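1. coords below, sequence missing:
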Ligand SMILES: O=c1[nH]c(=O)c2ncn([C@@H]3O[C@H](COP(=O)(O)OP(=O)(O)OP(=O)(O)O)[C@@H](O)[C@H]3O)c2[nH]1
Ligand SMILES: [Mg+2]
């Protein structure tokens, strides 16, 4: 890693706040410079969506960058809505996500962060995945970020929205993906 700075291309302030906090808290700290671009997203698996988003982002800004794609996957739906959760949430809301699962025995779900790193335009992005298991519940906690209030993380008894950012950042899908990214970046400097 040539410097301890990374460009994160995202249109999502909630993600930016968390990625910044997680990478600033690590050793060595990594500083995030953000580019607010909403990259059009291809359809496909979480990996395909993430890889293509990062490829396009690097081409648009003309330099190395990271992007991340977040999927919320329902066990009852074999992993869907997955990378399409943004549209499901926009159209149905948090209560609607609960209603989708009425009639299904399992409310189990997992949050999946696929962080992608591009070394620059024309290079193949590398993917780093982090997963946190849990279940979909009626909304609890503060309503300031996405589907946080309806995702109860396994073994915590709390929704993401009932945790402060520090607590969430210790167990979140995003933290787990960024740990792998960090290990990769550090290995490049050795
Ligand atoms: O409660 C939440 N806790 C999280 O930890 C979290 N991370 C993402 N999201 C939401 O899930 C969808 C992902 O879509 P997404 O990955 O395409 O993001 P995006 O389009 O908003 O930004 P980006 O693609 O420009 O980076 C969007 O609705 C995000 O708001 C979260 N909600
Ligand atoms: Mg997006």
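-> Sure, I can see it. Because the structure is predicted, anything quoted here is derived from the model rather than measured. Residues are numbered from 1 along each chain as shown. Ligands and ions are numbered 1, 2, ... in the order given.

2. so which helix or strand takes in residue 32?
-> Using DSSP states H and E, residue 32 falls within strand 31-35.

3. and that strand with ligand 1, contact?
-> No: using Cβ under 6 Å from any ligand atom, strand 31-35 stays clear of ligand 1, coming no nearer than 9.9 Å. For the C-beta atoms, the positions are set from N, CA and C on the backbone; glycine is no exception.

4. got it, and stretch 68-88?
-> Yes: counting by Cβ under 6 Å from any ligand atom, ligand 1 has neighbours in stretch 68-88: 69, 70, 85, 86.

5. tell me the mean pLDDT over the next helix-or-strand element following the strand holding residue 32?
-> Following strand 31-35 in sequence order, the next helix or strand is helix 46-61 (DSSP H and E). Across helix 46-61, pLDDT averages out at 97.

6. which other helices and strands contact helix 46-61?
-> strand 5-9, strand 65-74, strand 108-118, strand 126-136 (3 or more Cβ pairs under 8 Å, 6 or more residues apart in numbering; DSSP states H and E).

7. What are the buried residues along the second one?
-> Neighbour-count burial for strand 65-74, counted by 16 or more other Cβ atoms under 10 Å, picks out 65, 66, 67, 68, 69, 70, 71, 72, 73, 74.

8. Surely residue 116 and residue 127 touch.
-> Yes: with contact defined as Cβ atoms under 8 Å, residue 116 reaches residue 127; the gap is 5.5 Å.

9. Which residue of these two possesses the greater neighbour count?
-> Under the criterion of other Cβ atoms under 10 Å, the comparison of residue 116 against residue 127 puts residue 116 first, with 27 against 19.
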